[in-house]
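> with the sequence up front, the predicted model follows.
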Amino acid sequence: AGRRGWLLFAPAADAALTAALSAALSARGCALAVVETDSVDAEARCAAALGAATCPESSLWRADGPVALCGVVALLGATPPAADSAEGAAGACGAVRELLTLTRAMARLKEAPPLHVATRGAQAVAPSDPPADVGGAACWGWARAYAREVAGGVCCVDLCARADAAAAGAMLANHLADYGAQSAEPAEAAIRASGAYRPTPEPVQAPPTGRVAFDGSKAYVVSGGLGGLGLHLVRWLLARGARTVVALSSSAATVDARRAELDAIASTCHAAVHARVVDVSDGPAVLSALDDVHRHVAPIGGIFHLAGVLDSCHVADLDWPRAERVLAPKASGALHLHRASVDLHLELDHFVLFSSIYALLGYAQLAHYAAANAALDGLAANRRSLGLPALCVNWGLWRDAHSMAPQSVGFVRRWEAQGMRYLDVNEGLGALDALMAGGAAADGAAFGAFPVVDWAKLAASAHAPRSALFPEDTGAPAEGGVEVGGAAPAAEVSTSS
């Protein structure tokens, strides 16, 4: 059978960790072939290496005797930029871009080998962990969705960010050896000096009955505030004491179309509701808008990030411009709002991120959307470790009779067969009320507020490889009440304005 071999894709900057991993695997009698992912011809190199690696006698292995390929390892986020640095947004998207390049090449193979996505510090599992790497967290979301499109298996492993190259290399080598020896199912683990941590869903105990109260002297900013769900959130804020709300939208046409409705809401609630045209994927524009609100409207007391774009596309057919269109408003937008709040020294009471169940479970054709939402989970953990307020909620699908197109019977049947059901607006905002009123954010950064009918059904569905969740005759509903076709071109994607 020959020696067991692993094909590693890593940037040149990770040379020390790569060398440590190679030495650790060699000591176990395994071979490691390395392909640099930050070259100008990265995609061609990935495809060529994947083709050569399946040949036991390939010169790629540089080893005595034949080598049997056990799997592919993608090393990501070894030296991530801080989330509040100028490079934070670009760095987060850069890691996802590297993973897109590799997984697209793998998805085009007739039979894809197992993939191990290795990050450093993407998951905050121990008090001693440094601020979470947002780009690495986004890659976990991407991997979860990619796993739904291939049968080869996908595993995510997060290495300790504080470990030196030798220790991190040993951690990864142990993981790979154990995976092969135990024939483990595709899994997720964060490896620290104290052991391996695996994500386990647990029910959140509802806090004492109460309603969150907002400060009437402060302004509350809502990105995506003019979408169907955004307007419900604006009303919810005003009903709980806010007197000034600023809704951000990337569309001037949407602002004009909603102006009369906003005026009516403001008049009914005896409050001020402002609408601003701001593209949250534009960092300088976000900084300028928040500065203006803070200086000339009212001190900002909270930020709620709902903006996003939903598009569906198989990884094999997905290019970077199309993926970036989805990542920009959700992931980069959240990072820009975070960075602006830090730069402006805003003393926020609330920083609430609307993420998605897709970030946790992954769905075929939604790798870019899952990655964008998983980045929010990472940002919330990052802010918490810095002592800043953060609450991230992985919402399920919203049913809103006022703004959502009727869902196809086929999709509803499939969704419910997985143990899930839809959220109505009152139920969802009631869950948010309970989380915020009870101070539940103090116990962690992210909460799933999606009703689950049957966890056994959900677990079985989550681990079953599937080539597509959304057949062409059904729609994929988005948070905020938007229905999108299974393979909409980029020009037809749905947005939350």
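Perfect, thanks for sending it. Numbers count the residues shown, from 1 in each chain.
> and residue 41, how far is that from residue 47?
With distances defined as CB to CB, to the nearest Å, the gap from residue 41 to residue 47 amounts to 10 Å. Heads up, the C-betas are built off the backbone N, CA and C, glycines and all.
> which of the two has more residues huddled nearby?
For residue 41 and residue 47, the more surrounded residue by other CB atoms under 10 Å is residue 47, and the numbers stand at 17 against 8.
> wait, that one sits on residue 103?
No: judged on CB atoms under 8 Å, residue 47 makes no contact with residue 103 at a distance of 11.9 Å.
> residues contacting residue 117?
74, 76, 99, 139, 140, 142, 143, 154, 155, 156, 157 (CB atoms under 8 Å, 6 or more residues apart in numbering).
> all helices for the stretch 251-400 of the chain, in order.
For the stretch 251-400 of the chain, the helices defined by DSSP state H, counting those that start in this stretch occupy 252-269, 283-296, 320-327, 333-343, 357-361, 367-385.
> tell me where the stretch 101-250 of the chain has helices.
Under the criterion DSSP H, counting those that start in this stretch, the stretch 101-250 of the chain carries helices at the ranges 134-146, 165-182, 228-239.
> could you tell me the least trusted of the ones you listed?
Taking each of the helices of the stretch 101-250 of the chain in turn, the one with the lowest mean pLDDT is helix 165-182, at a mean of 84.
> buried ones in it?
Neighbour counts over helix 165-182 (16 or more other CB atoms under 10 Å) mark 165, 168, 169, 170, 171, 172, 173, 175, 176, 177, 179, 180 as buried.
> number of residues surrounding the residue nearest to residue 323 when sequence neighbours are not counted?
Setting aside the residues directly before and after it, residue 323 is nearest to residue 368 in space (CB to CB, 6 or more residues apart in numbering), at 4.1 Å. Applying other CB under 10 Å, we find 30 other residues in the vicinity of residue 368.
> residue 319: how many residues sit nearby?
By other CB under 10 Å, the residues close to residue 319 number 11.
> er, residue 29 actually
Residue 29: 9 surrounding residues under other CB under 10 Å.
> is it in a helix, a strand, or coil?
When the structure is split into helix, strand and coil by DSSP: H, G, I helix; E, B strand; the rest coil, residue 29 lands in coil.
> and of the contacts of residue 117, the nearest to residue 56?
Comparing those against residue 56 with CB to CB picks out residue 74 as the nearest, at 22.3 Å.
> what does the helix or strand containing the closest one contact?
Residue 74 is part of strand 67-75 when elements are defined by DSSP states H and E. Where contact means CB under 8 Å, 6+ apart, the residues beyond strand 67-75 that reach it are 1-11, 14, 17-18, 30-31, 37, 50, 53-54, 56, 58, 61, 98-99, 102, 106, 113-118, 139, 153, 172, 176, 179-180.
> which of the residues you listed are buried?
Burial of the contacts of strand 67-75 was assessed by neighbour count (16+ other CB under 10 Å); the buried members are 3-11, 14, 17-18, 30-31, 37, 50, 53, 56, 58, 61, 98-99, 102, 106, 113-118, 139, 153, 172, 176, 179-180.
> can I get the contacts of residue 117 in CSV including distance to residue 219?
CSV is the format used below for the contacts of residue 117 (distance: CB to CB, whole Å):
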residue, distance to residue 219
74, 42
76, 38
99, 38
139, 35
140, 34
142, 35
143, 38
154, 43
155, 45
156, 39
157, 42
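> what is the nearest of those to residue 276?
Each of those was checked against residue 276 using CB to CB; the closest is residue 142, at 31.3 Å.
> measure that closest one to residue 323 for me?
On the measure of CB to CB, residue 142 and residue 323 end up 9 Å apart.
> got it, and residue 305?
19 Å.
> quick one: low-confidence ranges for the protein?
1, 39-40, 63-64, 77-91, 180-186, 201-210, 400-409, 438-455, 459, 461-497 (pLDDT under 70).
> find the centremost residue of it, please.
Closest to where the C-alpha atoms of the chain average out (CA atoms, centre = their mean) is residue 374, at 1.5 Å.
> pretty sure it sits against residue 359.
Yes: Residue 374 is in contact with residue 359 according to CB under 8 Å; the separation is 4.0 Å.
> now do the shared contacts for those two.
With contacts taken as CB under 8 Å, 6+ apart, residue 374 and residue 359 have 141, 144 as neighbours in common.
> before we move on, the earlier item: so for residue 346, which of the helices of the stretch 101-250 of the chain sits nearest?
When the helices of the stretch 101-250 of the chain are ranked by proximity to residue 346, the top entry is helix 228-239, at 17.0 Å, counting by CB to CB.
> and the closest one, what does it pack against?
Using 3 or more CB pairs under 8 Å, 6 or more residues apart in numbering; DSSP states H and E as the contact criterion, the secondary-structure elements in contact with helix 228-239 are strand 219-223, strand 244-249, helix 252-269, helix 425-437, strand 494-496.
> tabulate the CA atom coordinates of it in PDB.
These are the backbone C-alpha positions of helix 228-239, laid out as PDB (Å, rounded to 0.1, in the frame of the first residue of the first chain):
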ATOM      1  CA  GLY A 228     -38.600  43.500   5.700                       C
ATOM      2  CA  LEU A 229     -36.900  42.300   9.000                       C
ATOM      3  CA  GLY A 230     -35.100  45.600   9.400                       C
ATOM      4  CA  LEU A 231     -38.300  47.600   9.700                       C
ATOM      5  CA  HIS A 232     -39.700  45.100  12.200                       C
ATOM      6  CA  LEU A 233     -36.500  45.700  14.300                       C
ATOM      7  CA  VAL A 234     -36.800  49.500  14.000                       C
ATOM      8  CA  ARG A 235     -40.400  49.300  15.400                       C
ATOM      9  CA  TRP A 236     -39.100  46.900  18.100                       C
ATOM     10  CA  LEU A 237     -36.400  49.300  19.200                       C
ATOM     11  CA  LEU A 238     -38.900  52.200  19.400                       C
ATOM     12  CA  ALA A 239     -41.300  50.100  21.400                       C
END
